[in-house]
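**Q** With the input below, show me the fold.
(2 chains)
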Amino acid sequence: MISSLRGMNDILEEDYERFTYFINTATKIAQNYGFHFIQTPLLEETALFKRSVGESSDIVSKEMYQFIDKGENDVCLRPEGTAGVVRAFIQKKLDKAGGIHRFFYHGAMFRYERPQKGRLRQFHQFGVESFGVDSVYEDATMIMMVADILSACGIGYRLQLNSLGDLNCMPPYRENLINFVKNIEDKICEDCVRRVATNPIRVLDCKNTTCQELYENAPKLINNLCSGCKDDFDTLKKVLDKNGISYEINTNLVRGLDYYSKTAFEFVSDEIGSQSAIAGGGRYDRLIEFLDGRPTPAVGFAMGIERLMELIKMPESKREGYYMGAMDEVAVDLVMSLAQKKRKTDKTTIDYKAKNLKNHLKGADKVNARFCCVIGTNEMENQTIWIKDLENKTEQTVFIGEF
RNA sequence: GUGGGAUUAGCUCAGUUGGUUAGAGCACUGGUUUGUGGUGCCGGGGGUCACGGGUUCGAGCCCCGCAUCCCACCCCA
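**A** Numbers count the residues shown, from 1 in each chain, chains lettered A, B, ... in the order given. Prediction:
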């Protein structure tokens, strides 16, 4: 037997229902916020992700499905969604056109990681990107949109907030932190030593308790923001307060992708194990110019659909459509052609075997049909069809011409 | 990539110190004295016990390997 590759799942039946329900719910909300769908390729030039996500990140340095194609292009399956959307934005010259452009997308992403609960090699994200708005109110809008989507799906969450600063305040802070950590380098764990070289900010959320104690007195970026970043962060908190969104400040919250600045946020769930981040995002004002576009402010987020799947509360499924069957062999052909007509307007299920009424009612119930329609010898004689409404438990017999 | 646990029917799981033909519930399927379901009763099909080796007179059970899933690290949605 051939099975699917490790970390790559089929989505069908119940899972597909949930998956679609989520996409539909999130799509409706994104549209209400004025966003438009964008679809970009699954395969992109490898350089796109090296430049946007950053070569120092684990995602790019060891988790990409990368290969040389038959035209000798260095390509890879997308490990995240933002880079492709930004590439499309620039390629369509929307950066030069100016104005505001708001997009949402959903689709498969690929990362070669060791799978566990909530972590797959092929997984799906729903994401949103906004270009051309530098107001921090847009950041608040992003957060409220995520909150709306999660609430609409009945999903509980905690929201964590941080500011990563900008070009004015981040680089000096970074130096500061590196100096602080270098002084205690002989006491920190191996991972942290490595982080100082690759992504120093990440030492702050090391899980090692010894490290945590050592970092307690480390400088915090939130206390070293420049006035612009501080004002924005204060405004963001104020807007969220006014709109009833509760949050906690997590000074150790660092986005793993290099392109983020200023606002960073993460929605976490306590119900799904260690892969607890269900949505994450923030501002990335410098990414468009990194990718050779005209400097354009931007902010976005992505949600991991598989991580949400088991948390989604689905509405109860309602009886729908028709079930049709014959109680006598001679009626099967008639049932078939009537059902074919019915399918033009309604969901219709046919049973091709002649059965007694009880079995047909059971069958109608099994497919969750609203109406059970049956033709037997009596009906054949009178050219009628017997219909039972399985919800109201009412019955009627109508002429075939009126069905 | 590192460490730990699990794997028996479609699903959830029993299976005694190694001993005849491996079980249950649900699901599926058929029947059920004259044409009324979701909720009665009776029957039926379905297992290379994940896979590959080994020990043994004999392995679902013990040993080794491997795959997948789960958990933690790591990373992140």
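**Q** Please count neighbours and contacts with C-alpha atoms only from this point.
**A** Will do.
**Q** Please work out the average pLDDT along the biggest helix by length in chain A.
**A** Selection of the longest helix in chain A by residue count, based on DSSP state H, yields helix A:13-32. Averaging pLDDT along helix A:13-32 yields 94.
**Q** Buried residues, that helix. List them.
**A** Neighbour counts over helix A:13-32 (16 or more other CA atoms under 10 Å) mark A:18-19, A:21-23, A:26-27, A:29-30 as buried.
**Q** again, but for stretch A:157-173
**A** Neighbour-count burial for stretch A:157-173 [16+ other CA under 10 Å]: A:157-166, A:169-170, A:173.
**Q** if you average pLDDT over it, what comes out?
**A** 91.
**Q** How about it and RNA strand B, touching?
**A** No: Stretch A:157-173 does not reach RNA strand B (CA under 7 Å from any atom of the strand); its nearest approach is 11.2 Å.
**Q** Domains in chain A, by residue range?
**A** Recorded structural domains for chain A (assignment: automatic domain parsing) are A:13-169+A:225-309, A:322-402.
**Q** Tabulate those domains in a markdown table, adding columns for distance to A:Ile201.
**A** Putting the domains of chain A into a markdown table (distance: least, CA to CA, whole Å) gives the following:
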| stretch | distance to A:Ile201 |
| --- | --- |
| domain A:13-169+A:225-309 | 7 |
| domain A:322-402 | 54 |
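**Q** From A:Glu72, how far out is the residue nearest to the spatial centre of chain A?
**A** Centroid check for chain A by CA atoms, centre = their mean gives A:Phe126 as the closest residue, at 2.9 Å. Using CA to CA, to the nearest Å, we find A:Phe126 at a distance of 31 Å from A:Glu72.
**Q** same thing with A:Arg202?
**A** A:Arg202 is 36 Å from A:Glu72, by CA to CA.
**Q** Look at these two and report which has more neighbours.
**A** Between A:Arg202 and A:Glu72, counted using other CA atoms under 10 Å, the more crowded position is A:Arg202 (16 against 8).
**Q** The more buried one: what secondary structure?
**A** helix (DSSP: H, G, I helix; E, B strand; the rest coil).
**Q** isn't it right next to A:Val254, touching?
**A** Yes: assessed by CA atoms under 8 Å, A:Arg202 is found in contact with A:Val254 at 6.6 Å.
**Q** residues making contact with stretch A:262-282?
**A** A:117-119, A:139, A:143, A:146, A:156-166, A:229, A:233, A:253-255, A:260-261, A:283-284, A:299-305, A:307-308 (CA atoms under 8 Å, 6 or more residues apart in numbering).
**Q** May I have the secondary structure class of A:Phe123?
**A** Following three-state DSSP, A:Phe123 is assigned to strand.
**Q** need the contact list for it.
**A** So A:Phe123 contacts A:8, A:108-110, A:304-306 (CA under 8 Å, 6+ apart).
**Q** And those residues, which is closest to RNA strand B?
**A** A:Gly304 (3.6 Å; CA to the nearest atom of the strand).
**Q** residues in contact with the nearest residue to A:Tyr21 once chain neighbours are set aside?
**A** Of all residues not flanking A:Tyr21 in the chain, A:Met314 sits nearest, at 7.7 Å (CA to CA, 6 or more residues apart in numbering). A:Met314 sits next to A:18, A:21, A:153 when contact means CA under 8 Å, 6+ apart.
**Q** Mind pulling up the pLDDT for the residue lying closest to A:Met64 once chain neighbours are set aside?
**A** Nearest non-adjacent residue to A:Met64, counting by CA to CA, 6+ apart: A:Arg111, 5.5 Å away. The model reports A:Arg111 with a pLDDT of 95.
**Q** just for chain A, where's the confidence low?
**A** Chain A contains residues with pLDDT under 70 at A:256-257.
**Q** A:Gly156: helix or strand, and which one exactly?
**A** Under DSSP states H and E, no helix or strand contains A:Gly156.
**Q** ok so, going back, with distance to A:Gln39 added, can I get the contacts of A:Met314 in a markdown table?
**A** Putting the contacts of A:Met314 into a markdown table (distance: CA to CA, whole Å) gives the following:
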| residue | distance to A:Gln39 |
| --- | --- |
| A:Arg18 | 21 |
| A:Tyr21 | 19 |
| A:Cys153 | 24 |
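**Q** Output these in TSV; the columns should cover distance to RNA strand B.
**A** Below are the contacts of A:Met314 laid out as TSV (distance: CA to the nearest atom of the strand, whole Å):
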residue	distance to RNA strand B
A:Arg18	16
A:Tyr21	17
A:Cys153	15
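**Q** what about the strands in the stretch 51-200 of chain A?
**A** A:66-68, A:74-77, A:101-110, A:122-131, A:158-163 (DSSP state E, counting those that start in this stretch).
**Q** Kindly provide the distance from A:Thr394 to RNA strand B.
**A** For A:Thr394, the distance to RNA strand B (CA to the nearest atom of the strand, to the nearest Å) stands at 8 Å.
**Q** Find the nearest non-adjacent residue to that residue, please.
**A** A:Lys388 (5.8 Å).
**Q** hey, what's the one you found bridged with?
**A** When assigned by DSSP bridges, A:Lys388 has beta-bridge partners A:Cys372, A:Glu395.
**Q** how far away is it from A:Thr377?
**A** For A:Lys388, the distance to A:Thr377 equals 17 Å [CA to CA].
**Q** Which of these two has more residues huddled nearby?
**A** Each of A:Lys388 and A:Thr377 has its neighbours counted (other CA under 10 Å); A:Lys388 has more, 19 against 14.
**Q** before we move on, back to that, quick check on the residue nearest to A:Met64: phi, psi?
**A** phi -140, psi 130 (degrees, to the nearest 10).
**Q** just checking, the residue nearest to the centre of chain A touches A:Ala302?
**A** Yes: using CA under 8 Å, A:Phe126 is in contact with A:Ala302, at 5.6 Å.
**Q** Let's see which of the contacts of stretch A:262-282 end up in helices.
**A** Reading helices off those with DSSP H, I get A:139, A:143, A:146, A:229, A:233, A:305, A:307-308.
**Q** Most neighbours among those, please name it.
**A** With neighbours defined as other CA under 10 Å, the most crowded of these is A:Asp139; it has 28 neighbours.
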